[in-house]
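J.: The sequence and its predicted three-dimensional model are supplied below.
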Number of protein chains: 2
Amino acid sequence: MRLFVHKFEMPNQNDEDLDMNQKGLTFPDSQTQDVPYIHKIGVPPKPDFLKEFKTTVKETFFPDDPLRSFKDQPKSRKIILGLQAIFPILEWGRSYNVKKFRGDLIAGLTIASLCIPQDIGYSNLANLKPQYGLYSSFVPPLIYAFMGSSRDIAIGPVAVVSLLLGTLVRSEFNPETEQDEYLRLIFTATFFAGITQATLGILRLGFLIDFLSHAAVVGFMAGAAITIALQQLKGFLGISSENFTKETDVISVMKSVFKSAHHWNWQTIVIGASFLAFLLVAKYIGKKNKKLFWVPAIAPLTSVILSTFFVYITHADDDGVAIVGKIAKRINPPSLDKIYFSGDNLLKGFRIGIEAGMIALTEAVAIGRTFASMKDYQVDGNKEMVALGTMNVVGSMTSCYVATGSFSRSAVNYMAGCQTAVSNIVMSIVVLLTVKFLTPLFEYTPNAILASIIISAVIGLIDIDAAILIWTIDKFDFVACLGAFLGVVFISVEKGLLIAVAISFAKILLQVTRPRTAVLGKIPMTSVYRNIGQYPEANKIPGVLIVRVDSAVYFSNSNYVKERILRWLTEEEDDPKTTYQPKIQFLIVELSPVTDIDTSGIHAFEELYRSLQKRDVQLVLANPSQQVLDKLYAAGFPDLIGENKIFLTVADAIHTCSPKLNHEV
Amino acid sequence: MRLFVHKFEMPNQNDEDLDMNQKGLTFPDSQTQDVPYIHKIGVPPKPDFLKEFKTTVKETFFPDDPLRSFKDQPKSRKIILGLQAIFPILEWGRSYNVKKFRGDLIAGLTIASLCIPQDIGYSNLANLKPQYGLYSSFVPPLIYAFMGSSRDIAIGPVAVVSLLLGTLVRSEFNPETEQDEYLRLIFTATFFAGITQATLGILRLGFLIDFLSHAAVVGFMAGAAITIALQQLKGFLGISSENFTKETDVISVMKSVFKSAHHWNWQTIVIGASFLAFLLVAKYIGKKNKKLFWVPAIAPLTSVILSTFFVYITHADDDGVAIVGKIAKRINPPSLDKIYFSGDNLLKGFRIGIEAGMIALTEAVAIGRTFASMKDYQVDGNKEMVALGTMNVVGSMTSCYVATGSFSRSAVNYMAGCQTAVSNIVMSIVVLLTVKFLTPLFEYTPNAILASIIISAVIGLIDIDAAILIWTIDKFDFVACLGAFLGVVFISVEKGLLIAVAISFAKILLQVTRPRTAVLGKIPMTSVYRNIGQYPEANKIPGVLIVRVDSAVYFSNSNYVKERILRWLTEEEDDPKTTYQPKIQFLIVELSPVTDIDTSGIHAFEELYRSLQKRDVQLVLANPSQQVLDKLYAAGFPDLIGENKIFLTVADAIHTCSPKLNHEV
């Protein structure tokens, strides 16, 4: 009725103005007669289960609404759009021009000069012959260029994946004595890594990699970097691999380093150290002056050329300086026949492939997103995965091992002014030519140089600033970060990864198990009620306790929520400050943050209601969301506590309670 | 400044009244000059990490604030309180009187009459000799009576745990051929079940069992009930165990039932069926008329006596009616020496113990809570676990197997008017006397009766109404429920349990991975902004898009949230309806439901800000919670978007934006 009068008094008044006044200054004489306007809560119609289900599925698997552009288009157009969706090159290719090509050419040449030495080093890290690293920088980038949606990513073998793959496969076969099986398992793993990636993309399960939190990745990468650097001590000190541990954890590595001190080769160390110094200086110059980014970019190749020449003329290899040796002068041989498609090794390859594939994916997607947000274009995570997957599947049939986006090379690519994925094509062509004609030049390249190059490359993966930021922002994230780091450094790469994921999950679950609750008070001169912890000026309403629950109420927290609310009540009643105030008669639960509730949650609320009845306190709900309201109605909860006990806002609830209170006050 | 004037104009006006006016009727002439009062957001002081950490730990492990009563008490009192905390009997014992004892005596005798036949049947279910069931109804209840905090729970062996323990241990040892090892492993498992329970309680990890959602438990119990009933077909049809499958899933059981049809014994079936009918009728009577609860309560014992007498005089056992046979007439022998404390069996026992212990715990705590909320007293979950754990550890040393709270007997106990845990003492004494003097009477008890008793007992575990309610309230919960049920019935008890837990987790993670987002509009004649989906009458503000994010923003959803918000914007801009409206200039993100944020989340918001800048849309935040604000400040986000872009409410944000808008409109 009141509501009606109200409506009547202001038939066609603009809400905007009205609203200004509502919150604005008003007149003493209007205080007594004036009555608040109470808006009814939105009681939704019986929810359509199928519709709800559909939206959930859509939001889960198609959050980016990929078919958007296809809507009401002619069939022919749809086909073109479809092709463009699979091969983005068809889209950007049409607007490609000479100017863009210049950028791509320079960038391509730069990353090529960077990747060739890295490839040789990384294949070493994966216990493979040098050419396999080069192979993996030829085929995969080509395919990615046609299917990928990132413009800045540089594709090829990367340190972390090489290490992971190396350690996982070595635990199955000995790379020295069982070379053939080892190689075959590598290809099998690569194949399944690709399948995993593509499948995730096709099934729209891209969001799964989001479960590896940023913090975890930072920790993992830093740990991996240190592990990789430690592995390089072998080549750096000139220790032959039979004297070097197979473990990757810091302790066993350091042990075997010092145990084999008498195997150290001083010539190797001198060469390695001097060139490492050179590379680090180059890196430093590049950091100081962004214009000189090309200095660290070409430094590796330069040092390879110099050191190779040096060894060649001084015959240092006769003094025990280990060199790369002959590299097969042959373009990617087919390797489909090498993949295990049956038996025990199939399973092994499958298991290893999934792990390597996921890590590779995380790295690539992270890079893609970073640069996309820099240049503000979208990379479709799922599409990206299909591209990466395809390239690895094809790679596994052409003697490549798992390739993905490289942090260091992508950054160089970006700074060198790449415009499109064409820079990857340029790079792969350069690599092709190298494999075909220049491999003999690497015969005398000392392994120590490769070690130095890898060390200087992976140092970039240690992001201390990020770690500090994580610490300042979120301590729990830091724990995940640290856990991943220590796990990788002291146990093993995969264990570290597991730890990181576990901690990340634990965090989510903890938040869902022990949600925050807050007592609300009224902010002076407003109709707003906020956490009195956050707003000390907010003051409680005598005779009313307002509690806000800060999470969906699920089986995992329903009991806690119920008991916590009751505890707030007890504490309030026991509080000496409140002794002279009227006893609590209304407990208002502010449900704004309660995004969802399940059967256990409703149970808990029913129990809460009963306990409150026993203490004769009235249970009042404020601002339930649609989902919550649906379920409350489905459970007949409003009939239990009375529909008139559910309000749009805390203010409304207070207005309805306060008159009843005034009698006692 | 405005704020100041405002304050000045209403120096000592009562907020309450003012508030009434704010939301009430106002005067046209005040519209132009009037200016809204904008309250500053609560910028918290630098959060004290240690303090925060402490509260988290406290809320996680001591949500019930157990030391509350200890605060500022003299030392002596503290000791007493401490003892009472461990042995609640010291607390309620002092107010114990004859009246209460009468209630407990009756209840105790009733549940004793119910438990004796059940115990014999359940030990059969665990492939154990009858006496072990009786043993487990003697020692554990006694100990619980001193340490437990529930007044209504009836302790002893239960069907589900017996089955679980039976199947798990049988997969290690054959109960016929390896009797001794089997028994020893049972005790070992019981020991570790107790240890697990006690440890969980002592480490305050009670909340872990909350991860088994109500829905999952309903499904699991129903599945277990059916599995158990199927197991009884063996005794019911008189099939000897060598002709009966070891599997528990419905398919293999039915197969072996029909394969062994020629082994069926019609006398057995007749006896079993007729008494089953009798029991079910009794159950029905009890349901119809609560006053006659004792009918179903004593029916089992009655039928045991009758059938035993019948078999004794008719010598039906000579016609192949399987009977219980001699029961060792001896009180719990010590079994500490039987427990495996070393070797492979230790591990087996440990593994089985954890599983059985957790299930037992879930059942007991569920019962405890149910009856506690009926009589409105608190059961301390963690204290409860310590009690249950201790009783099982002691039990394992006195020839008992895992005991816990029984649904059926607790209900009877409650209805029989038990007052305290003394009813358990009464029961255990009756059981003791039975073991000592009456076991010979059970020699001729036909197994078929025990089968009928178990069947009629477990039927009560199938709660169809609950399942229906779950379906109506929450479809996802129902999936968990169904998953548990089918898993138990078609695969195995433990697999079913795993499935249930997995689905429950999946639900939480899904909710955290794909949180809901909603576009808000202004509810007419209020300053309140709500989901336009829920409140169709709410209308959007031209030139402003208000989006609410319905979850904490974590690594698992940060990307989704960012992209979803941008999609809302795109959809809004593409919407033909909005073509003649001013272009969106402000995107207000309502953070009320965002209870927490992590580094990835802040990253996402930074990226969101950048993308919005490119579309020249201003990012505005409304009502960030303290935790969110802390982290935003720690990350320097306010400096990025401008502190004046963060508001207490959406209304405030709108008021600050709208003037700027008016120029274009």
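T.: It's in.
J.: what's the burial count for the residue in the stretch 201-350 of chain A that chain B sits nearest to?
T.: In the stretch 201-350 of chain A, the residue that lies nearest chain B is residue A:213 (3.4 Å; C-beta to the nearest C-beta). (Each C-beta comes from the backbone N, C-alpha and C, glycine too.) Look at residue A:213: counted by other C-beta atoms under 10 Å in any protein chain shown, it has 29 neighbours.
J.: from memory it sits against residue A:506, does it?
T.: No - checked against C-beta atoms under 8 Å, the pair residue A:213 and residue A:506 is beyond contact range at 11.3 Å.
J.: Identify the contacts common to these two.
T.: Residues touching both residue A:213 and residue A:506 (C-beta atoms under 8 Å, 6 or more residues apart in numbering or on different chains): there are none.
J.: sorry, back to before: tell me how many other residues surround the nearest residue to the residue of the stretch 201-350 of chain A closest to chain B once chain neighbours are set aside.
T.: Distances taken as C-beta to C-beta, 6 or more residues apart in numbering or on different chains put residue B:555 closest to residue A:213, at 3.4 Å, once the chain neighbours are dropped. Residue B:555 sits with 27 neighbouring residues when counted by other C-beta under 10 Å.
J.: ditto for residue A:337
T.: 9.
J.: Tell me who's in contact with whichever residue of the stretch 301-450 of chain A sits closest to chain B.
T.: Going by C-beta to the nearest C-beta, chain B is nearest to residue A:373 of the stretch 301-450 of chain A, at 4.6 Å. Residues near residue A:373 by C-beta under 8 Å, 6+ apart: B:607, B:610, B:611.
J.: Repeat that for residue A:106.
T.: Residue A:106 touches A:416, A:417, counting by C-beta under 8 Å, 6+ apart.
J.: Next up, identify which helix or strand it is on.
T.: helix A:98-125 (DSSP states H and E).
J.: which is the next helix or strand following that helix?
T.: Next along from helix A:98-125, by DSSP H and E: helix A:130-135.
J.: ok now that following helix, how far from the chain's centre?
T.: Relative to its chain's centre, helix A:130-135 lies at 29 Å (C-alpha atoms, centre = their mean, to the nearest Å).
J.: Which strands and helices lie in contact with that helix?
T.: Helix A:130-135 sits against helix A:98-125, with contacts defined as 3 or more C-beta pairs under 8 Å, 6 or more residues apart in numbering or on different chains; DSSP states H and E.
J.: So which residues of the stretch 401-550 of chain A form helices?
T.: Using DSSP state H, counting those that start in this stretch, the helices of the stretch 401-550 of chain A run over A:407-415, A:422-433, A:447-458, A:464-473, A:475-486, A:493-513.
J.: Need these in JSON lines (columns: mean neighbour count and mean pLDDT).
T.: Shown next, in JSON lines, are the helices of the stretch 401-550 of chain A (neighbours: other C-beta atoms under 10 Å in any protein chain shown; pLDDT from 0 to 100):
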{"stretch": "helix A:407-415", "mean neighbour count": "23", "mean pLDDT": "87"}
{"stretch": "helix A:422-433", "mean neighbour count": "23", "mean pLDDT": "94"}
{"stretch": "helix A:447-458", "mean neighbour count": "27", "mean pLDDT": "87"}
{"stretch": "helix A:464-473", "mean neighbour count": "17", "mean pLDDT": "88"}
{"stretch": "helix A:475-486", "mean neighbour count": "23", "mean pLDDT": "88"}
{"stretch": "helix A:493-513", "mean neighbour count": "21", "mean pLDDT": "79"}
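J.: Save those as TSV, and put in distance to residue B:436 too.
T.: Formatted as TSV, those follow (distance: least, C-beta to C-beta, whole Å):
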stretch	distance to residue B:436
helix A:407-415	77
helix A:422-433	86
helix A:447-458	75
helix A:464-473	67
helix A:475-486	57
helix A:493-513	47
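J.: Look at the residue nearest to residue A:213 and tell me its secondary structure.
T.: Under DSSP: H, G, I helix; E, B strand; the rest coil, residue B:555 falls in the coil class.
J.: Quick check, it in contact with residue A:504.
T.: Yes - Residue B:555 is within contact range of residue A:504, at 6.6 Å (criterion: C-beta under 8 Å).
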